[in-house]
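Undergrad: Pasting a predicted model and its sequence here:
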Amino acid sequence: MKREGNSHQSLNDKICMIENDRLLNKLSDEATACCAKCGARAHDPSSLCSPVRLNGSR
């Protein structure tokens with residue numbers, strides 16, 4: 001899903017919606033969860049639409 005008219009993406013966006021590679025890499029560094037809907041990975045589960053804890057994460 002592409003956003004129109006809003007080129008600024010914040011850290012409050014769900015990681016599944018982020019198109020900026022640098023921001024995406026920052027948010028997914030040392031992932032502890034993944035999105036059950038699209039497979040996106042994130043360190044902060046609250047940045048995912050449907051978070052599932054990864055095996056081995058605390």
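TA: Perfect, thanks for sending it.

Undergrad: Need the pLDDT of residue 6.
TA: With respect to pLDDT, residue 6 scores 43.

Undergrad: Repeat that for residue 49.
TA: Reported pLDDT for residue 49: 91.

Undergrad: what residues are up against it?
TA: Residues counted as contacts of residue 49 (C-beta atoms under 8 Å, 6 or more residues apart in numbering) are 14, 16, 35, 37, 38. Where C-beta positions appear, they are placed from N, C-alpha and C, glycine not excepted.

Undergrad: and it, helix, strand or coil?
TA: Classification of residue 49 using DSSP: H, G, I helix; E, B strand; the rest coil returns coil.

Undergrad: secondary structure class for residue 52?
TA: Applying three-state DSSP: residue 52 is strand.

Undergrad: That one and residue 36 touch, don't they?
TA: Yes - here residue 52 reaches residue 36: they are 4.9 Å apart, a contact under C-beta atoms under 8 Å.

Undergrad: any idea which residue sits dead centre in this protein?
TA: Centroid check for the chain by C-alpha atoms, centre = their mean gives residue 15 as the closest residue, at 2.3 Å.

Undergrad: so it makes contact with residue 25?
TA: No - assessed by C-beta under 8 Å, residue 15 is found out of contact with residue 25, at 10.6 Å.

Undergrad: Kindly export stretch 34-44 (C-alpha atoms) in PDB.
TA: Extracted C-alpha coordinates of stretch 34-44, given in PDB (Å, rounded to 0.1, in the frame of the first residue of the first chain):
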ATOM      1  CA  CYS A  34       7.800 -10.700  13.000                       C
ATOM      2  CA  CYS A  35       4.400  -9.700  11.500                       C
ATOM      3  CA  ALA A  36       2.100 -12.700  11.000                       C
ATOM      4  CA  LYS A  37       0.500 -10.900   8.000                       C
ATOM      5  CA  CYS A  38       3.500  -9.900   5.900                       C
ATOM      6  CA  GLY A  39       6.600 -11.300   7.500                       C
ATOM      7  CA  ALA A  40       8.200  -7.900   8.400                       C
ATOM      8  CA  ARG A  41      10.700  -8.100  11.300                       C
ATOM      9  CA  ALA A  42      11.200  -5.600  14.100                       C
ATOM     10  CA  HIS A  43      13.000  -5.100  17.300                       C
ATOM     11  CA  ASP A  44       9.900  -3.400  18.800                       C
END
